[in-house]
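Undergrad: fold the following.
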Amino acid sequence: MYDGTSLRPELTPVGAVPMQAILAAAGYLGTKDEIQAELDAIAAAVRQFHVQQPDQVMKQCAAYGARLTELTVLLHRVEALDRQYTRVRTQQVEKGRTELDRQFKIASRLVEVARQDLNLLGGM
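TA: Numbering: from 1, shown residues only. All right, here's what the predicted structure looks like:
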């Protein structure tokens, strides 16, 4: 929501949205459109990681990564029936997993930097 006074619109943190609203039920693949909507929701959540605490980012990376791994397995099962699912898996799900791995590493490093800062402050 843009309030008209700041230079950029206010962002609604994704952390305010329950993760269950973003992820489908365990073991559920859904239609191609439902898969696409879920992947879009995960991508939108990743775009908001910069406004969240690193430990929260790490938790969300774990949850989204687990769901993307599950989607990979489910997509493998149906690829023989419909080859379009191969493209979804290789061009979207795998790239999403790679990005989540990268975001987890960044958040992990930020946690470590904060820990080192605390150690330095305690040593003074």
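Undergrad: by mean pLDDT, flag the weakest helix or strand of the protein.
TA: Taking all helices and strands of the chain together, the one with the lowest average confidence (mean pLDDT, DSSP states H and E) is helix 19-22, at a mean of 64.
Undergrad: need the next SSE after that helix, C-terminal direction.
TA: On the C-terminal side of helix 19-22, the nearest following helix or strand under DSSP states H and E is helix 32-47.
Undergrad: list the buried residues in that next one.
TA: 35, 38-39, 41-42, 45-46 (16 or more other C-beta atoms under 10 Å). Yep, even glycine has a C-beta here, placed from its N, CA and C like the rest.
Undergrad: just checking, what packs against that helix?
TA: Contact analysis of helix 32-47 by 3 or more C-beta pairs under 8 Å, 6 or more residues apart in numbering; DSSP states H and E lists helix 19-22, helix 54-78, helix 84-88, helix 94-123 as its packing neighbours.
Undergrad: ok, which of those helices comes nearest L29?
TA: Among these, the nearest to L29 by C-beta to C-beta is helix 54-78 (4.3 Å).
Undergrad: thinking again about what came up before, including pLDDT, could the buried residues of helix 32-47 go into TSV?
TA: As requested, the buried residues of helix 32-47 are exported to TSV (pLDDT from 0 to 100):
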residue	pLDDT
I35	93
E38	94
L39	95
A41	95
I42	95
A45	95
V46	96
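Undergrad: between these, which is nearest C61?
TA: For the buried residues of helix 32-47, the minimum distance to C61 (C-beta to C-beta) is 8.5 Å, reached by V46.
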